[in-house]
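>>> Show me how the following folds:
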Amino acid sequence: MTGFKADDIAKVCLEKFKSLPKNGKPENGKQWTVLAAFVQENQNEDQETMLKVVSLATGTTCIGSSQMDPTGKILHDCHAEVLARRAFTRYLFWEISKIQTSNNPSIFVHSEENKCLKLKEGISFHFYTSQTPCGDASIFPIKTQNFQKDSSFIVKKRAGTDDGSPCLKHRRLENLDDNFSGGLSYASENDLNRTGAKSVPGETADKLGEGLDYHEVGVLRIKPGRGIPTNSMSCSDKMLKWNLVGCQGSIISIVLNQPIYLKSIVIGKCTSNFQALQRALANRFDISGCENELKDSTFRHNRPEILLSGLEFEFSKPVSSDSLLKPCGSSFVWCDVLPCSCEVVAKNGYRLGAVKKTQGLPQSVCRVSRYSMFEQFTKVLQDLKMKNFATNVETELLPEMDYSQMKALSKCYLSTWKVLRNNCLENWLQHDRSLDNFTLDK
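The predicted model follows:
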């Protein structure tokens, strides 16, 4: 159990967002977005604790499958939860680089025993998002409101969605109360809050029926694209993966002695359902059948505490389907590193402001792209060697490696994920492996 309340964690995230530059943030009164953040909890020897936001992002966009980039320089998935996680990895790189610096201590220490790094005692992490993650966590029963305006008795019924496009149905009421005068009248009806994310091939398809029969619960889903279908798994699915193999990612697992799991997940004030969140993010799949294959692994099935905050993000998606607010097209990314802690991402996955002739050049590539993360981690490994820290990586081979070869060094992470996919997540959509064959520019 975390010692902090949901509002404590949400508050530091909202305050950090407000303190950052306005460029890339939504326009007041015109746009909405989603905010997500990683929060570090530090506990000292006296058991005193403090919270610190270490990465933060906004965003709601995702590029289509035909636009995916083999150079690693374009961000494919710009949902806030995913960008915050990428920025969190960049923060971890930064902390590794601070090892052995007395004036700016790192959250990591080196273990000579297994040639790996480990988190210092008393360090843990929380995750915050202002809106229910897209996908399975967004599917839950709701009471819909029917609006009756005049004697034509046309009713607008709103079924909630998570992708910014309201789902409106019109139907004619029959057998109204004799006393109805054509004014306002409200009725309740069982329905589902809906997600725009579609079931992946091989999973049970949605029924698309009325009310509670619209969605299939518990299945793996891909994000809805705005036009071209995507190959990106929903945020509910990606967060489920964090609770199985950690939220540090694959390449940094090469130098860590164990994965980094979340202590809690905090959902801001929005339309949400506690049981759906628990199901989607932690309890959807039973991994007990994998225990023999994973018995010697440091990986486990993490079940973070799910907390609901009463604090609302100022740019949250409007509840009313009649709102004129539109989703913000750009994404804002920040992490606690120096220099260059902030950047803004355009819809096309490049840095905002990059003109067509510069796309693919260093000035257009975001620092949380796969290419940039590969470049940063290569420097991290070389830096560790210069500091005489032993690792399990032959740094002499780094200049000739492509990204897929770097990822392959994370043997324990990849073997664990393979076991989990084969036993529990057989239909998990994997991107084309050729997308990982890029190398760093000479």
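
>>> so how many other residues sit close to the residue lying closest to residue 224 once chain neighbours are set aside?
Among residues not flanking residue 224 along the chain, residue 196 sits closest, at 3.6 Å (Cβ to Cβ, 6 or more residues apart in numbering). C-beta here means a position set from N, CA and C on the backbone, and glycine is covered the same way. If you count neighbours by other Cβ atoms under 10 Å, residue 196 ends up with 19.

>>> Where does residue 196 sit: helix, strand or coil?
With DSSP: H, G, I helix; E, B strand; the rest coil as the basis, residue 196 sits in coil.

>>> Look up how far residue 51 lies from it.
Residue 196 is 33 Å from residue 51, where distance means Cβ to Cβ, to the nearest Å.

>>> Can you give the domain ranges for this structure?
Partitioning the chain according to automatic domain parsing yields domains covering residues 6-136+222-436, 139-216.

>>> between those, which gets nearest to residue 442?
Minimum separation from residue 442 across the domains of the chain (Cβ to Cβ) falls at domain 6-136+222-436, 8.5 Å.

>>> Span of that closest one from start to end?
From its first residue to its last, domain 6-136+222-436 covers 38 Å (Cα to Cα, to the nearest Å).

>>> Next up, phi/psi of the closest residue in space to residue 337 that isn't next to it in sequence, please.
Of all residues not flanking residue 337 in the chain, residue 94 sits nearest, at 4.0 Å (Cβ to Cβ, 6+ apart). Residue 94 adopts backbone torsions of phi -60, psi -40, taken as degrees, to the nearest 10.

>>> Is residue 94 in contact with residue 341, as I believe?
No: using Cβ atoms under 8 Å, residue 94 is not in contact with residue 341, being 9.5 Å away.

>>> what's the overlap in contacts for these two?
Taking Cβ atoms under 8 Å, 6 or more residues apart in numbering as the contact rule, residue 94 and residue 341 both touch residue 335.

>>> contacting residues around the residue nearest to residue 337?
Contacts of residue 94 (Cβ under 8 Å, 6+ apart): 335-338.

>>> For residue 190, state which of these is nearest.
residue 335 (42.5 Å).

>>> per-residue pLDDT, that closest one?
The score at residue 335 is 98. That number is its pLDDT.

>>> Then residue 431?
For residue 431, the predicted pLDDT is 85.

>>> Same check on residue 18?
Looking at residue 18, its pLDDT is 97.

>>> I'd like to know which elements the strand or helix carrying it is packed against.
For residue 18, the host element (DSSP states H and E) is helix 6-19. Applying 3 or more Cβ pairs under 8 Å, 6 or more residues apart in numbering; DSSP states H and E, one finds that helix 6-19 contacts strand 35-43, strand 49-58, strand 123-129, strand 262-267, strand 305-308.

>>> For residue 417, find the nearest of these.
Comparison of those against residue 417 by Cβ to Cβ identifies strand 262-267 as nearest, at 17.4 Å.

>>> separation between the residue nearest to residue 224 and residue 139?
11 Å.

>>> With residue 220 instead?
In terms of Cβ to Cβ, residue 220 sits 13 Å off from residue 139.

>>> Helices of the stretch 201-350 of the chain, start to end?
Along the stretch 201-350 of the chain, counting by DSSP state H, counting those that start in this stretch, helices occupy 235-245, 274-278, 291-294.

>>> any idea which of those helices is most buried?
Among the helices of the stretch 201-350 of the chain, ranked by average contacts under mean count of other Cβ atoms under 10 Å, first place goes to helix 235-245 (a mean of 24).

>>> Contacts for that one next, please.
Residues outside helix 235-245 that contact it (Cβ under 8 Å, 6+ apart): 79, 81-82, 85, 127, 133-138, 197, 220-221, 223, 233, 259, 261-262, 265, 280-282, 284-285, 287, 299, 301-304, 413, 416-417, 420, 428.

>>> how far off strand 262-267 does it point, in degrees?
Here helix 235-245 runs at an angle of 170 degrees relative to strand 262-267 (axes from the mean of the first three to the mean of the last three Cα atoms, to 10 degrees).

>>> mean confidence for helix 235-245?
97.

>>> what number of residues lie near the residue nearest to residue 364 when sequence neighbours are not counted?
Closest residue to residue 364 apart from its sequence neighbours, by Cβ to Cβ, 6+ apart: residue 354 at 3.4 Å. For residue 354, the count of nearby residues is 17 (other Cβ under 10 Å).

>>> ditto for residue 433
Close neighbours of residue 433, defined as other Cβ under 10 Å, add up to 8.

>>> Let me see the contact set for it.
Listed by Cβ under 8 Å, 6+ apart, the contact partners of residue 433 are residue 404.

>>> Repeat that for residue 284.
136, 218, 240.

>>> low-confidence ranges in the chain?
1-2, 102, 112, 145-189, 390 (pLDDT under 70).

>>> What lies in contact with stretch 74-83?
Counting by Cβ under 8 Å, 6+ apart, 33-36, 57-63, 67-69, 86, 127, 129-130, 133-134, 223, 230-232, 235, 238-239, 331, 333, 345, 347-350, 366, 368-369 sit against stretch 74-83.

>>> From the structure, what's the count of residues near residue 389?
Residue 389: 19 surrounding residues under other Cβ under 10 Å.

>>> How is it assigned, secondary-structure-wise?
Note that with three-state DSSP, the state of residue 389 is coil.

>>> so what's it up against?
Residue 389 sits next to 99, 110 when contact means Cβ under 8 Å, 6+ apart.

>>> looking at this, residue 3 is in a strand?
No: assessed with three-state DSSP, residue 3 is coil; it does not lie in a strand.

>>> Surely it touches residue 49?
Yes: between residue 3 and residue 49 there is a contact under Cβ under 8 Å: 6.1 Å.

>>> the more surrounded of these two?
residue 49 (14 against 10).

>>> which residues pair with that one across the strands?
When assigned by DSSP bridges, residue 49 has beta-bridge partners residue 43.

>>> Then residue 108?
The residues that residue 108 bridges to, once DSSP bridges is applied, are residue 119.

>>> on that earlier part again, rebuild the contacts of residue 94 as CSV, extending it with distance to residue 248 and neighbour count.
Shown next, in CSV, are the contacts of residue 94 (distance: Cβ to Cβ, whole Å; neighbours: other Cβ atoms under 10 Å):
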residue, distance to residue 248, neighbour count
335, 14, 28
336, 16, 19
337, 16, 20
338, 21, 7
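
>>> Out of the residues you listed, list just those in strands.
Judged by DSSP state E, these include residue 335 as members of strands.

>>> which among the contacts of residue 94 gets closest to residue 255?
Distances from residue 255 to the contacts of residue 94, taken by Cβ to Cβ, are shortest for residue 337, at 17.5 Å.

>>> any idea how far residue 376 is from that closest one?
Distance, residue 337 to residue 376, using Cβ to Cβ: 10 Å.

>>> Thanks a lot, catch you later.
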